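*Asks:* Model the following, please.
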Amino acid sequence: MREFSRPSPGPSEAVIKVKAVGVCGSDLHQWLGAHSWAVNYPVVLGHEFCGTIDEVGGDPGNWKEGDLVVSETAAVVNPDSPMTRRGLYNLDPDRKGFGYGVDGAMTRYVLAPLRCLHQVPPGLKPEHAALTEPCCVAYNAVINNSRITPGCRVLVIGPGPIGLLCASMARLAGAEVAVAGLEADLTRLDTAELIGCHSIIGDPTDWAREGDGLGVDVVIDAAGVSATLETALDVVRPAGWITKVGWGPQPLGISLDPLVQKNVTLQGSFSHNWPIWERVLELLASGRLSLTPILGGVWPLEEWLEAFETMHSGRIAKAVLKPAT
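*Replies:* Sure thing, here's the model as predicted:
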């Protein structure tokens with residue numbers, strides 16, 4: 001922890017007084033130096049946050065001081081990028097996000113572009129609203145980037161926060177869902193059962209081959225290692241679908257022939273954009289998407305180390321930090 005100056009807004013920017021900020025798996029990776037993406041050190045961590053508008057630079061538009069908001073993560077984008085012009089600014093090669101490209105929200109005040117802000121619906125707790133961002137990652141991976149229909153059998157590999165949220169989204173889409181993890185993931189696998197999923201310790205093959213023996217319709221690979229892709233290729237059925245949302249910097253060292261032989265679709269999924277945020281906020285506000293089973297605890301910002309260690313140990317799925325007001 002160190003003292004940090006309150007930022008000043010430029011045109012079309014707002015200073016957000018942070019009320020809650022989620023701890024992401026990528027925050028843990030950067031804390032441990034195990035990440036596989038470029039980071040502009042030194043940088044303030046935190047890209048999952050909720051807060052109130054403290055000051056707006058220039059024309060505020062429809063925003064006013066005191067509004068409770070959440071913010072998308074694409075803090076810097078190239079407005080002339082072909083991807084940005086298509087509305088897919090999350091895929092702009094020049095994109096820089098909070099917490100690695102620019103300073104994030106594990107502090108009292110964070111600077112955010114007005115274009116990133118979304119109004120928090122009435123009744124949604126700040127510590128839940130702060131987790132809109134990982135919910136959007138899961139929505140994009142499962143609803144937009146996977147071929148899931150009611151009655152599908154879906155295997156989620158990796159019971160971390162994103163994996164559990166992907167499982168929740170697949171349940172909302174009408175799928176039968178199992179979540180696979182390791183012995184060390186027992187607490188998180190219990191959470192998977194709380195949200196209506198089967199839990200599997202170790203090899204998911206038996207569950208995947210129930211029924212006609214050909215495998216599951218869809219695999220969501222949400223693990224933070226590369227080796228799980230081999231498992232996904234083994235248990236997915238012919239003409240099935242694999243969506244990879246988990247980062248894994250390790251080399252694969254396997255043949256991709258099963259991908260060809262089984263006519264499988266392999267899809268990557270990264271980040272999110274404006275319409276996804278609006279849809280997820282509707283799901284949270286209505287209660288159809290509940291974060292209560294996944295949120296493992298709230299810590300003062302000064303106790304960040306305990307929150308990080310508790311989450312990294314697997315004792316909880318998700319930690320949230322709250323700066324002092």
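*Asks:* now the residue nearest the centre of the chain: how far from Arg85?
*Replies:* Nearest residue to the geometric centre of the chain (CA atoms, centre = their mean): Pro134, 2.6 Å. From Pro134 over to Arg85 the distance is 27 Å, taken as CB to CB, to the nearest Å. Yep, even glycine has a C-beta here, placed from its N, CA and C like the rest.
*Asks:* for His118, what are its contacts?
*Replies:* Residues in contact with His118 (CB atoms under 8 Å, 6 or more residues apart in numbering) are Val69, Val70, Ser71, Glu72, Thr132, Trp277, Glu278, Leu281.
*Asks:* go on, Thr310?
*Replies:* Counting by CB under 8 Å, 6+ apart, Thr310 makes contact with Gly296, Gly297, Ile316, Ala319.
*Asks:* thought the third one was touching Pro293?
*Replies:* This means Ile316. No. Counting by CB atoms under 8 Å, Ile316 stays clear of Pro293, with 10.9 Å between them.
*Asks:* Mind pulling up the pLDDT for His35?
*Replies:* Turning to His35, the model gives it a pLDDT of 82.
*Asks:* again, but for the one 5 residues further on
*Replies:* In this model, Asn40 is scored at 88, pLDDT.
*Asks:* show me what contacts the spatially closest residue to it that is not a sequence neighbour?
*Replies:* Computed as CB to CB, 6 or more residues apart in numbering, the closest residue to Asn40 that is not its neighbour in sequence is Gly101, at 5.7 Å. Gly101 makes contact with Val39, Asn40, Val43, Ala75, Val76, Arg95, according to CB under 8 Å, 6+ apart.
*Asks:* Nearest spatial neighbour of Lys49, chain-adjacent residues omitted?
*Replies:* Heads up, residue 49 is Phe, not Lys. Nearest to Phe49 is Ala105, by CB to CB, 6+ apart, at 3.6 Å.
*Asks:* Kindly list the main-chain dihedrals of the one you found?
*Replies:* phi -110, psi 10 (degrees, to the nearest 10).
*Asks:* ok, it - how many residues close by?
*Replies:* 30 (other CB atoms under 10 Å).
*Asks:* can you check Ser199 too?
*Replies:* Using other CB under 10 Å, Ser199 has 20 other residues around it.
*Asks:* Specify the local secondary structure of it.
*Replies:* At Ser199, secondary structure determined by DSSP: H, G, I helix; E, B strand; the rest coil is strand.
*Asks:* Could you report the pLDDT at the residue nearest to it when sequence neighbours are not counted?
*Replies:* The shortest distance from Ser199 to any non-neighbouring residue, by CB to CB, 6+ apart, is to Leu189 (3.9 Å). pLDDT, Leu189: 97.
*Asks:* rewinding a little: any chance of the contacts of Thr310 in TSV with pLDDT, distance to Leu289 and neighbour count as columns?
*Replies:* Listed next are the contacts of Thr310 as TSV, based on pLDDT from 0 to 100; distance: CB to CB, whole Å; neighbours: other CB atoms under 10 Å:
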residue	pLDDT	distance to Leu289	neighbour count
Gly296	96	17	19
Gly297	97	20	16
Ile316	95	19	19
Ala319	98	19	27
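*Asks:* Okay, and which of those map to strands?
*Replies:* Those of these mapping onto strands are Gly296, Gly297, Ala319, per DSSP state E.
*Asks:* And for the residue lying closest to Gly211 once chain neighbours are set aside, the neighbour number?
*Replies:* Residue nearest to Gly211 in three dimensions, not counting chain neighbours: Arg153, with 7.4 Å by CB to CB, 6+ apart. Look at Arg153: counted by other CB under 10 Å, it has 21 neighbours.
*Asks:* so for the helix or strand Leu164 falls within, what's the average pLDDT?
*Replies:* Assigning secondary structure by DSSP states H and E places Leu164 in helix 161-172. Across helix 161-172, pLDDT averages out at 98.
*Asks:* In the very next helix or strand once past that helix, which residues are buried?
*Replies:* Following helix 161-172 in sequence order, the next helix or strand is strand 176-181 (DSSP H and E). Residues of strand 176-181 classed as buried by neighbour count (16 or more other CB atoms under 10 Å): Glu176, Val177, Ala178, Val179, Ala180, Gly181.
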